[in-house]
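Chemist: Build me a model:
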Amino acid sequence: MKLIMRADDLGFSEGVNYGILKAVRDGIISSVGMMPNMEYASHGYELIKNFDIALGQHTNICAGKPLTDPKLIPSLVQENGEFCTSKEIRARKQDSINIKECEIEIEAQLQRFIEITGKKPDYFECHAVFSQNFFIALENVAHKHQLFFSNPILDKNWEKENGIFGLGFAKLDDKGLYDPKQYLQEHLEDIKNNPCSVVVFHPGYLDQYILTHSSYTFIRAMECDFLCSQWLKEWINDNHIEIVDFRNYK
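Modeler: A predicted model of the protein is given here:
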């Protein structure tokens, strides 16, 4: 039984970075996705760069400012030049994201990733926006640069082709929380039956930027605490689960 423990949103904010650091240093996280366009991307990388983990590009087109001139990517930005929010994009009746514009920004974020880390990402995926045009653009750029495009949960064909299966999204309560112990217990048979599973977390501490700009708030601190818990370490050991990362599959 193999399991990838993935943490998203490195660079989203200073508080998120420190929470991810703790989840990597004291917890079970094996793969971390960085948002290259965000102000604290370099800060986050410096915190976790010496740990033996896979570092991916968590490509972002719905938070903060693009790395591309907004005039070149009108389908992705608001009038103020910042990205359209994920809430706004989900509310659209049609997928109005322009694939070519998206590729321009994805390329810019890839170059920023390389500038920060000195290497290509170990895997290549996306943040928050479930747009088929966005996925097409991501896969096009990944193919062009021979990157390991990752799309579990949302693409069943991808899961079969790569032998990595997503556990699905947790159902959040009215406070935006869930019971992670129950979540893993409910998916134990899936983990046992899959050649490899991946579970996605968003560990982090809260700061004003996150409280203002993200719908994921208290869940970040809760997951950070859970990922470092003795219960999780014993559960993994008792069930003979091998923790791996995307470098085993790229």
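Chemist: Name the residues of the host helix or strand of N237 that come out as buried.
Modeler: Taking DSSP states H and E as the definition, one finds N237 inside helix 230-238. Within helix 230-238, the residues scored as buried using 16 or more other Cβ atoms under 10 Å are L232, W235, I236. Quick note: C-beta positions are derived from backbone N, CA and C, even for glycine.
Chemist: now do stretch 1-19
Modeler: Of all the residues in stretch 1-19, those buried under the rule 16+ other Cβ under 10 Å are 2-19.
Chemist: Next, count neighbours for the nearest residue to S75 once chain neighbours are set aside.
Modeler: Nearest residue to S75 in three dimensions, chain neighbours excluded: N98, at 4.1 Å (Cβ to Cβ, 6 or more residues apart in numbering). By other Cβ atoms under 10 Å, 15 other residues sit near N98.
Chemist: and what of I53?
Modeler: Residues near I53, counting by other Cβ under 10 Å: 20.
Chemist: Then V200?
Modeler: 20.
Chemist: so it touches G166, yeah?
Modeler: Yes: the pair V200 and G166 passes the contact test of Cβ atoms under 8 Å, sitting 7.5 Å apart.
Chemist: Next, show the common contact partners of the two.
Modeler: Jointly contacting V200 and G166 under the rule Cβ atoms under 8 Å, 6 or more residues apart in numbering are I153.
Chemist: which other residues reach the following helix or strand past the helix holding N237?
Modeler: Next in sequence after helix 230-238, counting helices and strands by DSSP H and E, comes strand 242-244. Strand 242-244 is contacted by residues M1, K2, L3, I4, M5, I28, S30, C196, I236 when judged by Cβ under 8 Å, 6+ apart.
Chemist: Tell me which strands strand 242-244 pairs with, and in which orientation.
Modeler: Counting by DSSP bridges, the strands paired with strand 242-244 are strand 2-10 (parallel).
Chemist: what about the partner strand, distance to the chain center?
Modeler: Computed by Cα atoms, centre = their mean, to the nearest Å, the chain-centroid distance of strand 2-10 equals 7 Å.
Chemist: likewise stretch 77-92?
Modeler: How far stretch 77-92 lies from its chain's middle: 19 Å, per Cα atoms, centre = their mean.
Chemist: Ends of that stretch, what's the gap?
Modeler: 14 Å (Cα to Cα, to the nearest Å).
Chemist: now that stretch: mean pLDDT?
Modeler: Averaging pLDDT along stretch 77-92 yields 92.
Chemist: If you count neighbours, what's buried in it?
Modeler: Neighbour count says stretch 77-92 has V77, F83, C84, T85, S86, I89 buried, by 16+ other Cβ under 10 Å.
Chemist: quick one, what contacts the fourth one?
Modeler: Okay, so that is T85. C62, A63.
Chemist: I'd like to know how far it sits from D238.
Modeler: Separation of T85 from D238 (Cβ to Cβ, to the nearest Å) stands at 42 Å.
Chemist: elements contacting the longest helix along the chain?
Modeler: The single longest helix within the chain, with elements called by DSSP state H, is helix 99-117. Here helix 99-117 touches strand 31-34, helix 41-48, strand 54-59, helix 132-144, going by 3 or more Cβ pairs under 8 Å, 6 or more residues apart in numbering; DSSP states H and E.
Chemist: Report the backbone C-alpha coordinates of the first one in PDB.
Modeler: What that stands for is strand 31-34. Extracted C-alpha coordinates of strand 31-34, given in PDB (Å, rounded to 0.1, in the frame of the first residue of the first chain):
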ATOM      1  CA  SER A  31       4.900  16.300  -1.600                       C
ATOM      2  CA  VAL A  32       4.400  20.100  -1.600                       C
ATOM      3  CA  GLY A  33       2.900  22.300  -4.300                       C
ATOM      4  CA  MET A  34       4.200  25.900  -4.600                       C
END
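Chemist: ok, it: who's next to it in the sheet?
Modeler: When pairs are called by DSSP bridges, strand 31-34 turns out to pair with strand 2-10 (parallel), strand 54-59 (parallel).
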